[in-house]
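Q: Sharing a model prediction with you, sequence too.
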Amino acid sequence: MMKYFRHTLATLAAIGVMAGTGFSPAQAQTLEKIKDSGQMSIGMLVDFPPYGILNEQNQPDGYDADVAKLLAEDMGAELTLVPVTGPNRIPYLLGGRVDLLVASLGITPDRAKRVDYSEPYAAIVVYLYGQTDIDIPDAEAMQGKTIGVARGSTQDVAVTNLAPEGATIQRFPSDAAAVQALLAGQVQAVGVSGTVIHHIEQRAPDRFDKKFVLREQVQSIAFRPGDDELRARVNEFLGRVKENGKLDEVHQKWLDSPLPDVLYDYDKEIPHQ
Amino acid sequence: MSPSSNAAAASSRSDDRVAVRMEGVDKWFGDFQALKGIDLEVANGERIVVCGPSGSGKSTLIRCLNRLEAIQQGRIFVDGIELTAGAQNVEVIRREVGMVFQQFNLFPHMTVLENCTLAPMRVRGMSRAQAEQTARGYLERVRIPEQADKYPAQLSGGEQQRVAIARALCMSPKLMLFDEPTSALDPEMVKEVLDTMLDLANEGMTMLCVTHEMGFARRVADRIIFMDRGEIVEVAPPADFFERPESERTRAFLGQISTY
Amino acid sequence: MLRSFGWNEIWFIVTAIQWTLILSAIAFGGGALGGLLIALSRVSRTSVLRHAAQGFIRVFQGTPLLLQLFVIFFGLNAFGIVVQPLTAASIALTLHASAFLGEIWRGCIEAVPKSQSEASWSMGLSYRDRMRYVVLPQAARIGVAPTVGFLVQLLKETSLASIIGFVEITRAGQIISNVTFEPFKVFSLVAALYFVLCWPLTLLARRMERRFALSGRS
């Protein structure tokens, strides 16, 4: 199933690009459309805690939802949150089914060919996290160890790139499954984000610790290519909520930690078409 | 036997006494020629038995008469209508020609009665009551009226074949074709089927029977046709056919079958 | 903010059954109709129909359902046609099921002995009557087992509709698994729910086959 799925994704991506290019001219006025209709729809994940979740009422919630709400309020528009998934979020955007994505989308060169990015609004630090009695100070030390990751995730890419020969990588359908394997002792360490580690420590304190930083990944709001006015408007908004502490407030609420420093002075160039 | 192409013109009924006429009929299965220049005329009410070694084309011959097999050359008339002159004629003819198969070919998912009433209702437009009355009449005549509500699989082979005969008769055919009707039967059941066919013959039905039952042929047939390698080798009344066969091939065939 | 796997979460997954059922019903209803047309076209004497049906089957059997869903939902967007998710899923699942049922049923029609058609022909039955009264009823008996087999497969394949936004059982399970970090419990429940849906179908098939077996063995 998973193999079939991954094989298909390549084709799907190609169609997504086709759909996007076919449609982009007509979409250049998204900002105007939002102003005229007084409504905006934002795509977000609902299975990526704490950024995108379903709350007890089964409504979309989380850090991304709160950022989306702030943005809609700022623009004076009525907000519709549209649940999307990892594989379909970019097609949803390019197909015109949502106005923009606040969907924990990390900046990568591949994606930058298909969507435009805002300034980063969140950052995920991915760690190698494992049993306390095993010493893995750096990537080389993964040799002979079994490492679990969620297939196709940022941490999968990082571990795969860093792992020396002799390290075994076990890929799971989700972070949840990888953590399950860690708790069950099937793997000695996993590649996971700081947030997930926070959950694990609540459930199983002192059994595991952070070994080293695999990767620091910033996330951005995504737009259809050419939606430059909307992008400028959102960047202006992000600058303001970083300045006045509102974004930090939301980050404290969902992640129990202040907004990462890297978001205040992100100096790397953001790819743009 | 003087086939005139004038009389055969269009679908006009040329001669009321002629049930079947075949003129120069050729039939190929791919490269294999199954029928070679067949000329034959069968009069109304005539009983014909077709015999010959296996692969001689005898089954193919009768299967051409209701267009179960298409021919490549020649013309065929049934009941004065030219079978080989268009699909419309085929439709008319195949409902006037009844056929009984070696393997009975009853519809296994229908009761005996349903087998017998389907075509009269769908093709002749009879009401169900009318069709069932007709069917019960024919089941009576083939001596199995009590089996009307059973399924074919619950009957013996002989009974199934008698149902198949009744089913064909329900369409009031002008001509009946029998394709080795007793070959698939256990020996003790052959007689009941032949008796039924004999009754039918006595009532004046025009019949063409492909069969190896030489006793039946001797008793019932007006003429016997002997075929070999796609050709009609000999046509003769039973007395001549069995006592004074003209052809060497007929003699060889009779020699083989009478050994047992 | 990690949710525990409680009644609220179980209820979320259980209520997602409605989408699995709705999508399956649409797929099977539409697929049955389309499949019959495809099967009859495949055994038709008209070569244009035969080839058209063959081409249809090649396309929809030869490409993944996921791709078909994706093309209809997102691809038509490229031409300015906005398709609602339920419409897109109905179209894609119907086409998919039509191709597979068409091919399964063609096999069943061809499995009815040719002698049955010869008998129908010699009795003067029209093509329509031959199909309706003689061939299709017998093909239906042969078709029960493979059809139910496909239906069970179809029911599970509706999970692919999550790609265009449906939260049916599998997708509901994924969401709850990712917010509770209890994949084992969550997917045990999901598996149990599929079993509850599929088991009665298998029972039904067995009953139908037994009923058919009583009337008319050949």
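A: Right, received. Where do you want to start? Values in this document were obtained by computation on a predicted structure and should not be read as measured data. Residues are numbered from 1 along each chain as shown, chains lettered A, B, ... in the order given.

Q: Spatially, what comes nearest to A:Pro271 if we skip its sequence neighbours?
A: A:Ala112 (3.4 Å; CB to CB, 6 or more residues apart in numbering or on different chains). Glycine gets a C-beta too; all of them are placed from N, C-alpha and C.

Q: C:Arg42 now?
A: C:Arg106 (4.3 Å).

Q: ok, that neighbour - contacts?
A: Counting by CB atoms under 8 Å, 6 or more residues apart in numbering or on different chains, C:Arg106 makes contact with C:Ile38, C:Ala39, C:Arg42, C:Val43.

Q: Using CSV, lay out these together with secondary structure and neighbour count.
A: Below are the contacts of C:Arg106 laid out as CSV (DSSP: H, G, I helix; E, B strand; the rest coil; neighbours: other CB atoms under 10 Å in any protein chain shown):
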residue, secondary structure, neighbour count
C:Ile38, helix, 25
C:Ala39, helix, 26
C:Arg42, helix, 22
C:Val43, coil, 16
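
Q: Considering those residues, which is situated nearest to B:Arg218?
A: C:Val43 (44.7 Å; CB to CB).

Q: pLDDT below threshold where in the stretch 151-260 of chain B?
A: B:258-260 (pLDDT under 70).

Q: And chain A, by the same measure?
A: Using pLDDT under 70, chain A drops low at A:1-28, A:273.

Q: thinking again about what came up before, can I assume the residue nearest to A:Pro271 is in contact with A:His272?
A: Yes - in terms of CB atoms under 8 Å, A:Ala112 counts as a neighbour of A:His272; the distance is 7.5 Å.

Q: Where does the stretch 51-200 of chain B get nearest to chain A, residue-wise?
A: Chain A sits closest to B:His109 of the stretch 51-200 of chain B, with a gap of 40.1 Å, by CB to the nearest CB.

Q: Show me the helices in chain B, by range?
A: B:58-63, B:87-94, B:112-122, B:128-141, B:157-169, B:187-202, B:214-220, B:238-243, B:248-258 (DSSP state H).

Q: among those, which is nearest A:Gly76?
A: Closest to A:Gly76 of these is helix B:112-122 (CB to CB; 72.1 Å).

Q: which helix in chain C runs the most residues?
A: helix C:183-214.

Q: Is chain C within reach of the host helix or strand of A:Val192?
A: Using DSSP states H and E, A:Val192 falls within strand A:189-193. No - legend: contact between strand A:189-193 and chain C by CB under 8 Å from any CB of the partner chain is lacking; minimum distance shown is 10.7 Å.

Q: Who are the packing partners of that strand?
A: strand A:116-131, strand A:146-150, helix A:154-162, helix A:175-183 (3 or more CB pairs under 8 Å, 6 or more residues apart in numbering or on different chains; DSSP states H and E).

Q: Tell me which of these is the most buried.
A: Per residue and on average, the most neighbours among the helices and strands packed on strand A:189-193 fall to strand A:146-150, with a mean of 25 (mean count of other CB atoms under 10 Å in any protein chain shown).

Q: just the angle between that one and helix A:154-162, please?
A: Counting by axes from the mean of the first three to the mean of the last three CA atoms, to 10 degrees, strand A:146-150 lies at 140 degrees to helix A:154-162.

Q: Residues in contact with strand A:146-150: which ones?
A: Outside strand A:146-150, the residues within contact range by CB under 8 Å, 6+ apart are A:128, A:155-156, A:159, A:163, A:167-175, A:177-178, A:181-182, A:186-191.

Q: where do the strands sit along chain C?
A: Listed in chain order, chain C contains no strands at all (DSSP state E).

Q: In chain C, which residue sits closest to chain B?
A: C:Gly124 (2.9 Å).

Q: Next, that residue: phi, psi?
A: Main-chain torsions, C:Gly124, degrees, to the nearest 10: phi 90, psi 10.

Q: Relative to B:Cys64, how far out is it?
A: Using CB to CB, to the nearest Å, one gets 17 Å for the distance from C:Gly124 to B:Cys64.

Q: Same check on B:Met126?
A: For B:Met126 relative to B:Cys64 (CB to CB), the value is 29 Å.

Q: Now for B:Gln147: which residues touch it?
A: Here B:Gln147 is in contact with B:Val112, B:Leu139, B:Gln154, B:Leu155, B:Glu159, B:Val163 (CB under 8 Å, 6+ apart).

Q: Which residue of A:Ala112 and A:His272 possesses the greater neighbour count?
A: A:Ala112 (17 against 10; other CB atoms under 10 Å in any protein chain shown).

Q: quick one: contacts for residue 156?
A: Looking at chain A here, since you left the chain open. Contacts of A:Asp156 (CB under 8 Å, 6+ apart): A:Val149, A:Ala150, A:Ile169, A:Arg171, A:Gly191.

Q: that answer is for a different chain, and I need it for chain B
A: With CB under 8 Å, 6+ apart, B:Ser156 has these contacts: B:Met189.

Q: Wait, B:Asp186 touches B:Glu159, no?
A: No - using CB under 8 Å, B:Asp186 is not in contact with B:Glu159; the gap is 11.7 Å.

Q: Spatially, which residue comes closest to C:Leu160, not counting chain neighbours?
A: C:Leu66 (4.9 Å).

Q: Distance of that neighbour relative to B:Glu203?
A: 68 Å.

Q: who's more crowded, those two?
A: Taking neighbours as other CB under 10 Å, C:Leu66 and B:Glu203 compare with C:Leu66 leading, 23 against 9.

Q: Go ahead and confirm the more buried one touches C:Ser159.
A: No - look at C:Leu66 against C:Ser159 with CB under 8 Å: they stay out of range, at 10.0 Å.

Q: In three-state terms, label A:Ser41 for me.
A: Of the three states, A:Ser41 takes strand according to DSSP: H, G, I helix; E, B strand; the rest coil.

Q: residues of the stretch of helix or strand A:Ala232 belongs to that come out buried?
A: Taking DSSP H and E as the definition, A:Ala232 sits inside helix A:228-243. For helix A:228-243, burial by neighbour count (16 or more other CB atoms under 10 Å in any protein chain shown) applies to A:Leu230, A:Arg231, A:Arg233, A:Val234, A:Asn235, A:Phe237, A:Leu238, A:Val241, A:Lys242.

Q: now those as TSV including distance to B:Lys27?
A: Listed next are the buried residues of helix A:228-243 as TSV, based on distance: CB to CB, whole Å:
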residue	distance to B:Lys27
A:Leu230	78
A:Arg231	79
A:Arg233	84
A:Val234	82
A:Asn235	85
A:Phe237	86
A:Leu238	86
A:Val241	90
A:Lys242	91
